[in-house]
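Kindly generate the corresponding structure for this input.
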Amino acid sequence: MSELIADFFTVQFAVAIGIALMGGTIFGFAGFAAGLSMVPLLAWVYDPPTALAIVGMAVAIGAAQLLPHGIRNADWPTVGPILLAALIGVPCGTVTLLISEPETVRRVIGGLLVVFALIMLSGWTYNGPRNLMTNLFVGVSSGALSGFMSGGGSIVSSYFISWPGSVTQTRANIYMVTYSLAVLMAGALIIAGTVSLTTVTRMLALLIPYSLGVRLGSLLVRGASHTTYRRFVLWLLMGIGLSALTL
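Numbering: from 1, shown residues only. Modelled structure (predicted):
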């Protein structure tokens, strides 16, 4: 118990608090990219599996309140196959994470983050066919990226942002898939035995600054245009990715 308490009085944990506050602010400001911004930085402070576990569990707990809305409004004939395919993708990504060298993982995450930021800055969205095969591909690929770096949300958002249905259904689709990916990611790490009591207590403690950041971000966004804050966050992600590649 004394070791758990002592963990809260380290430089590492102080830095982790700052990262959680930043991630929450980004999410409250832009409505996305909390995991993408937090995982690379927490991977420097701790290690990649710990970073992924903290973010996955935090998202699973923090976003559970929206489950009734998501379940009620999602297009399940589309979302269902994606989630089934993610059951294959997430463990594959998690296994790749666990068998790779931490330094290599950090640099790969940095490179992928730069790629994602560039794609989102370009405004590209998927406008091709939407059928069982594409749904399964999205499920496997987004699951693998979530299991490796919590990056599956970028694929899901690009796939659904041009969804022909209503805005409510589009948001519900994105939420249900990204939330489920976070739960699967956390579950895969727990099954793999990488989640310790220390990791859980860190996550619970970091929920406080993360929640404060979400509130702060929601206040900062008032008066700012959608384009302005979206581009700001994407350039910030670009900087985080480049730092992971070079430092």
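
Identify each buried residue in stretch 160-174, please.
Phe160, Trp163, Gln169, Thr170, Arg171, Ala172, Asn173, Ile174 (16 or more other C-beta atoms under 10 Å). In this view, the C-beta of every residue, glycine as well, is placed from N, C-alpha and C.

Please apply the same query to stretch 198-205.
Going by neighbour count (16+ other C-beta under 10 Å), the buried part of stretch 198-205 is Thr199, Arg202, Met203, Ala205.

Next: stretch 228-247.
Residues of stretch 228-247 classed as buried by neighbour count (16+ other C-beta under 10 Å): Tyr229, Arg230, Val233, Leu234, Leu236, Leu237, Met238, Ile240, Gly241, Ala244, Leu245.

From these, which land in helices?
Taking DSSP state H, the ones among the buried residues of stretch 228-247 that sit in helices are Tyr229, Arg230, Val233, Leu234, Leu236, Leu237, Met238, Ile240, Gly241, Ala244, Leu245.

secondary structure element for the residue nearest to Ile240 when sequence neighbours are not counted?
Counting by C-beta to C-beta, 6 or more residues apart in numbering, Pro40 is the residue found nearest to Ile240 once chain neighbours are left out, at 5.5 Å. Element membership of Pro40, judged by DSSP states H and E, is helix 34-45.

immediately after that helix, which helix or strand?
helix 48-62.

Please, where are all the helices along this protein?
2-7, 11-30, 34-45, 48-62, 67-73, 76-99, 102-122, 132-149, 152-160, 167-191, 197-220, 226-246.

now those as CSV including mean pLDDT?
As requested, the helices of the chain are exported to CSV (pLDDT from 0 to 100):
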stretch, mean pLDDT
helix 2-7, 70
helix 11-30, 86
helix 34-45, 85
helix 48-62, 86
helix 67-73, 88
helix 76-99, 94
helix 102-122, 85
helix 132-149, 93
helix 152-160, 84
helix 167-191, 88
helix 197-220, 86
helix 226-246, 77
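
want to throw the ones in helices among the buried residues of stretch 228-247 into TSV with distance to Val140?
Formatted as TSV, the entries for these read as follows, by distance: C-beta to C-beta, whole Å:
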residue	distance to Val140
Tyr229	32
Arg230	28
Val233	27
Leu234	25
Leu236	29
Leu237	24
Met238	27
Ile240	26
Gly241	23
Ala244	25
Leu245	26
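
Among the residues you listed, which one lies nearest to Asp47?
Proximity of those to Asp47 was ranked by C-beta to C-beta; the top entry is Ala244 with 13.7 Å.

Tally up the residues packed near Gly187, please.
Per other C-beta atoms under 10 Å, the neighbour tally for Gly187 reads 17.

Can you tell me the closest non-neighbouring residue to the residue nearest the centre of the chain?
Centroid check for the chain by C-alpha atoms, centre = their mean gives Gly35 as the closest residue, at 3.1 Å. With sequence-adjacent residues excluded and distances taken as C-beta to C-beta, 6+ apart, Gly35 is closest to Ser150, at 3.8 Å.

what sits against the one you found?
Contacts were defined as C-beta atoms under 8 Å, 6 or more residues apart in numbering; by that measure Ser150 touches Gly35, Leu36, Met38, Val39, Leu52, Val55, Gly56, Ala182, Met185.

likewise Thr134?
Applying C-beta under 8 Å, 6+ apart to Thr134 gives the contacts Gly128, Tyr159.

how much space between it and Pro81?
Distance of Thr134 to Pro81, computed by C-beta to C-beta, to the nearest Å: 9 Å.

and what of Thr168?
When distances are taken as C-beta to C-beta, Thr168 and Pro81 turn out to be 21 Å apart.

just Tyr159 next, same as before
12 Å.

of the two, who's got more company?
Each of Tyr159 and Pro81 has its neighbours counted (other C-beta under 10 Å); Tyr159 has more, 24 against 18.

pretty sure the more buried one contacts Asn127?
No: applying C-beta atoms under 8 Å, one finds Tyr159 not in contact with Asn127, separated by 10.1 Å.
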